[in-house]
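> 3D model of this:
(4 chains)
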2 protein chains.
Amino acid sequence: MSRASEDTIAVRISKVLAERIVAGTLEPGTRLRQDHIAAEFGASHVPVREAFRRLEAQGLAVSEPRRGVRVASFSKEEVREVAEMRAALEELALRHAAPNLTSAILDAAERATRAGDRSGDVRSWEAANRTFHRTLLAPCGMHRLMAAIDDLHAASARFLFAAWRSDWEARTDHDHLAILAALRQGDIDQACTVLVRHVRAVNQRPLPIAGGMTRRLFVVGG
Amino acid sequence: MSRASEDTIAVRISKVLAERIVAGTLEPGTRLRQDHIAAEFGASHVPVREAFRRLEAQGLAVSEPRRGVRVASFSKEEVREVAEMRAALEELALRHAAPNLTSAILDAAERATRAGDRSGDVRSWEAANRTFHRTLLAPCGMHRLMAAIDDLHAASARFLFAAWRSDWEARTDHDHLAILAALRQGDIDQACTVLVRHVRAVNQRPLPIAGGMTRRLFVVGG
DNA sequence: CTCCCGCGAATTATAGATAATTTTTAGACG
DNA sequence: CGTCTAAAAATTATCTATAATTCGCGGGAG
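The predicted model follows:
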């Protein structure tokens, strides 16, 4: 389906860089030097520049003319902002998806969230969580809306990984189950209410920092 | 402030092309050929390709690998989708902007909407309308949110211009005044309610088509 | 000692050239 | 008369090269 060789080189590069930025391999503020990246991918810098434009549009990188592009940094205000945007757009998506949700889809969503409960690390939990949301929302059939939500999910995942690099413990996600229960009963308003609260919930947790210090960082958990 | 010569060539090209697409000079489906555009701007095709990536991110163009890029087409479903996304995000922005709205800002917004009432053509009405919304919402201080709203406004303007190429008659925008009145009274909920209804309102109007036929098209009016 | 200036290395931005793919066109065949 | 095929033209995507700008560092003046 999405075989890498069918994409253009620029797309391939942007996907790899996006993964690294989200995963935290590339830390905020890191300069992305086109020649170095071009050399790494065995390409010239023209497709690299196009990849930069894509990352910029996703909010994963910032570019200053003539001064290069850096991995976007983020503050707790931006974490909040992304959470609020997600809440607003996911509610919209859910309201339009609801009429199209079959029990098969709801079952698939439940499998996704249960897989998340069993996950042993942050990355697999995030993947399962993203699947849960996408399974429920994609039936809205709104292309542009889903693209926007996907970008926000990438940003959320970045914040999550920045805070929970290790020491992750899975717990059953009661919000997800409550959303599914409400949808199965046809109570769309209730499902939306829980979804919005769930996505907006921003937890503050201690984050161990290199050097023995700890710093408080906001983490979106939904 | 935003002198064109301070931008990179790619940015400059993308702005001009965006204007043309929004204005309807470039019709949906039109192929954008990089060499031709490069020649027109007296530039090479590298910045043109970067401009394409920006347009793609804004939803104004679509690109198929190895097959070039075209001006994005749109359906009435997408018009609806953009209106709903605007409603959701503008409400969010207004709720966060409200605490920061001074009477000076509200007065500026009122001047903008009154300028729109006096406008003689669609383009100046749209500019005034956009100023009104941006004046009210920008104080939310949420950068990413405002960028998303700006892109949606561009899409809305495109739909508007596609339907109202000529025969425009200005009318006083009572919704705008109602929003301002509610904000002046500190009734944020009421302001949001009117704003959401206002943005979501999608009017169906007959659109004269070349050849004497008329076709129905959806137009966002807010 | 601090601050400012200027030179050199590194990097970005654009131009020109090349390879590969798609679209178009012309012609033959059914 | 339409359709399939193959060569030609046009176009995209990429690479290599060049110009312009920024960044870092060292020396000298105050």
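> what number of residues lie near the closest residue to A:Ala138 other than its chain neighbours?
Nearest non-adjacent residue to A:Ala138, counting by Cβ to Cβ, 6 or more residues apart in numbering or on different chains: A:Met146, 6.1 Å away. (C-beta placed from N, C-alpha, C; glycine too.) Residues within reach of A:Met146, counting by other Cβ atoms under 10 Å in any protein chain shown, total 17.
> before we move on, what about A:Asp175?
Residues within reach of A:Asp175, counting by other Cβ under 10 Å, total 17.
> Show me the strands in chain A, by range?
Ranges of strands within chain A are A:31-32, A:61-64, A:68-71, A:202-208, A:214-220, based on DSSP state E.
> Now do the residue nearest to A:Ala138 against A:Ala109, distance only.
15 Å (Cβ to Cβ, to the nearest Å).
> swap in A:Ala18?
Applying Cβ to Cβ to A:Ala18 and A:Ala109 gives a distance of 25 Å.
> Then A:Val199?
A:Val199 is 15 Å from A:Ala109, where distance means Cβ to Cβ.
> Likewise for A:Leu92?
18 Å.
> try A:Arg70
From A:Arg70 to A:Ala109 the distance is 37 Å (Cβ to Cβ).
> So these two - more neighbours on which side?
The residue with more neighbours, out of A:Arg70 and A:Ala109, is A:Ala109; 22 against 16, by other Cβ under 10 Å.
> domains for chain A, by residue range?
The record's domain split for chain A, according to automatic domain parsing, is A:4-71, A:76-220.
> With respect to DNA strand D, which of the ones you listed lies nearest?
When the domains of chain A are compared for distance to DNA strand D using Cβ to the nearest atom of the strand, the nearest one is domain A:4-71, at 3.1 Å.
> can that closest one be found next to chain B?
Yes - shown here: domain A:4-71 in contact with chain B (Cβ under 8 Å from any Cβ of the partner chain) through A:6-8, A:10-11, A:46, A:49-50, A:53-54, A:56-59, A:65-66.
> Likewise for stretch A:157-170?
No - against chain B, stretch A:157-170 shows no contacts by Cβ under 8 Å from any Cβ, the least distance being 12.7 Å.
> distance between the ends of that stretch?
16 Å (Cα to Cα, to the nearest Å).
> How about stretch A:128-144?
Between the opening and closing residues of stretch A:128-144 lies a distance of 23 Å (Cα to Cα).
> Now it: buried residues?
Neighbour counts over stretch A:128-144 (16 or more other Cβ atoms under 10 Å in any protein chain shown) mark A:128-140, A:142, A:144 as buried.
> What of stretch A:169-183?
Under 16+ other Cβ under 10 Å, the buried positions of stretch A:169-183 are A:Asp173, A:Asp175, A:His176, A:Ala178, A:Ile179, A:Leu180, A:Ala182, A:Leu183.
> What of stretch A:100-111?
A:Leu101, A:Ile105, A:Leu106, A:Ala109, A:Glu110.
> what's the answer for stretch A:79-99, then?
A:79-98.
> if I read this right, A:Ala138 contacts A:Ile149, doesn't it?
No - contact criterion Cβ atoms under 8 Å: A:Ala138 and A:Ile149 do not qualify, at 9.3 Å.
> circling back: which stretch in the domains of chain A is the model least sure about?
The minimum mean pLDDT among the domains of chain A belongs to domain A:76-220 (a mean of 90).
> Give the burial count for the residue in chain A that chain B sits nearest to, as a bare number.
Nearest residue of chain A to chain B (Cβ to the nearest Cβ) works out as A:Ala57 at 3.2 Å. A:Ala57 sits with 18 neighbouring residues when counted by other Cβ under 10 Å.
> Which residue, other than its chain neighbours, is closest to it?
The nearest residue in space to A:Ala57 (Cβ to Cβ, 6+ apart) is B:Ala57, at 3.2 Å.
> now what about stretch A:43-54, what contacts it?
The contact list for stretch A:43-54 (Cβ atoms under 8 Å, 6 or more residues apart in numbering or on different chains) reads A:8-11, A:13-14, A:17-18, A:32, A:34-35, A:37-38, A:41, A:61, A:63, A:69, B:10, B:46, B:49-50, B:53-54, B:57.
> What's the separation between the residue in chain A that DNA strand C sits nearest to and B:Ile188?
Relative to DNA strand C, the nearest point of chain A is A:Gly68 (3.5 Å; Cβ to the nearest atom of the strand). Distance, A:Gly68 to B:Ile188, by Cβ to Cβ: 42 Å.
> who has more neighbours, the two?
Set A:Gly68 next to B:Ile188 and count neighbours by other Cβ under 10 Å: B:Ile188 wins out with 16 against 13.
> Give me the buried positions along stretch A:116-132.
A:Gly116, A:Ser119, A:Val122, A:Arg123, A:Trp125, A:Glu126, A:Ala128, A:Asn129, A:Arg130, A:Thr131, A:Phe132.
> Centre of the chain to that stretch, how far?
Chain-centre distance of stretch A:116-132: 12 Å, with Cα atoms, centre = their mean, to the nearest Å.
> which residues in chain A form helices?
In chain A, the segments counted as helices under DSSP state H are A:9-23, A:34-40, A:45-58, A:76-97, A:103-118, A:122-137, A:143-163, A:174-184, A:188-200.
> Redo these as TSV? Include distance to B:His153.
TSV is the format used below for the helices of chain A (distance: least, Cβ to Cβ, whole Å):
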stretch	distance to B:His153
helix A:9-23	26
helix A:34-40	32
helix A:45-58	17
helix A:76-97	16
helix A:103-118	33
helix A:122-137	24
helix A:143-163	14
helix A:174-184	32
helix A:188-200	24
